[in-house]
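In: Dropping the sequence and predicted coords here.
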Amino acid sequence: MNDKEKLLEEVKTMKKVASRPKCLTDRVFHYCPGCTHGVVHRLVAETIDELGIQEKTIGVAPVGCSVFAYWYFDTDFSQAAHGRAPAVATGIKRSVPGSVVFTYQGDGDLAAIGTAEIIHAANRGEKITVIFINNAIYGMTGGQMAPTSLINQKTQTSPYGRDSETMGYPIRVSEMLSGLEGVKYLSRVAVDTPANIIKAKAAIKKAFETQLTGTGFSMVEVLSICPTDWGLNVADSKKWLKENMIPYYPLQEFKAPKAEEAKGGE
Ligand SMILES: Cc1ncc(C[n+]2csc(CCOP(=O)(O)OP(=O)(O)O)c2C)c(N)n1
């Protein structure tokens, strides 16, 4: 037996500790190296697997780097125009009884062009789950300033840094939505370290569980990195997230439903 054959034999005796989630397709992600969209896709897919809801889940893809989210999730999917995912999700949820509906949206999509849609869907208490990717920039279109870009952050449209005088302040979307009655689960997490990724998974699961109990609107804001448009390598991007984003966007669970709020299944 040569070394390769020996290795193959050894592999057969190993215990499998991790595998690709069932509801992720085999397609290779098109994301840039180091981008964390893939990490968050995996966390959502693991959640769907663990809750056993693959057959009734319908995702709504945004416009942004994750525009092709429907390539990767082996669930039903729809595509919304830029920012309109919460409105499309509302329609699907209300017209397909028993469905579990989630949107996956970037900060340009959700917090700029889609501000009205997210506020009103949240305020109506739509029983949908929103996965909100905050990478503080417009990724897909080449790095323009987003509503969530930080003060002094250099982007293609704020080359000298974001100036609050002319460009306003970064919007804390979760804080803004947390005051709305219809919002029942709301959390901000990050995917910069293994420990934070584990916490992010727990939050995503709670958000889907909130929908499954018919309680109301649920959202997880995920602080993410964009090495390409930030112009940093992956290690420095994670450092930038930790040192700049987390102080302005503190990680926390804003709202969690009380047991008595459950309206009894989907
Ligand atoms: C109606 C409309 N306006 C503008 C655009 C251009 N556009 C496409 S993606 C995008 C921003 C995406 O940024 P974000 O939502 O933060 O997602 P990311 O690419 O960073 O994941 C914009 C402005 C569009 N496609 N449609």
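Out: Structure's in. What do you need?
In: Surely residue 211 is in a helix?
Out: Yes - assigned with DSSP: H, G, I helix; E, B strand; the rest coil, residue 211 falls within a helix.
In: So residue 136 sits against residue 107, correct?
Out: Yes - taking contact to mean CB atoms under 8 Å, the distance of 6.8 Å between residue 136 and residue 107 places them in contact. Where C-beta positions appear, they are placed from N, C-alpha and C, glycine not excepted.
In: anything in contact with each of these two?
Out: When CB atoms under 8 Å, 6 or more residues apart in numbering defines a contact, the residues bordering residue 136 and residue 107 alike are 146, 148.
In: Show me which residues of the stretch 101-250 of the chain are close to the ligand?
Out: If contacts are counted using CB under 6 Å from any ligand atom, the residues of the stretch 101-250 of the chain sitting beside the ligand are 106-109, 113, 133, 135, 137-141, 146.
In: One more pass at 8 Å, please.
Out: 105-113, 133, 135, 137-141, 144, 146, 226, 229 (CB under 8 Å from any ligand atom).
In: among those, which ones are buried?
Out: Neighbour counting by 16 or more other CB atoms under 10 Å classes 105-112, 133, 135, 137-140, 144, 146, 226, 229 among those as buried.
In: mind listing the helices for the stretch 1-150 of the chain?
Out: All helices of the stretch 1-150 of the chain, identified by DSSP state H, counting those that start in this stretch, fall at 3-13, 37-51, 69-72, 85-95, 107-108, 115-123.
In: I'd like a version of these in JSON lines, one that adds mean pLDDT as further columns.
Out: Conversion of those to JSON lines gives the following (pLDDT from 0 to 100):
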{"stretch": "helix 3-13", "mean pLDDT": "93"}
{"stretch": "helix 37-51", "mean pLDDT": "98"}
{"stretch": "helix 69-72", "mean pLDDT": "98"}
{"stretch": "helix 85-95", "mean pLDDT": "98"}
{"stretch": "helix 107-108", "mean pLDDT": "98"}
{"stretch": "helix 115-123", "mean pLDDT": "98"}
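In: now the ones you listed as CSV including distance to residue 256?
Out: Converted to CSV, the helices of the stretch 1-150 of the chain look like this (distance: least, CB to CB, whole Å):
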stretch, distance to residue 256
helix 3-13, 42
helix 37-51, 16
helix 69-72, 26
helix 85-95, 21
helix 107-108, 23
helix 115-123, 15
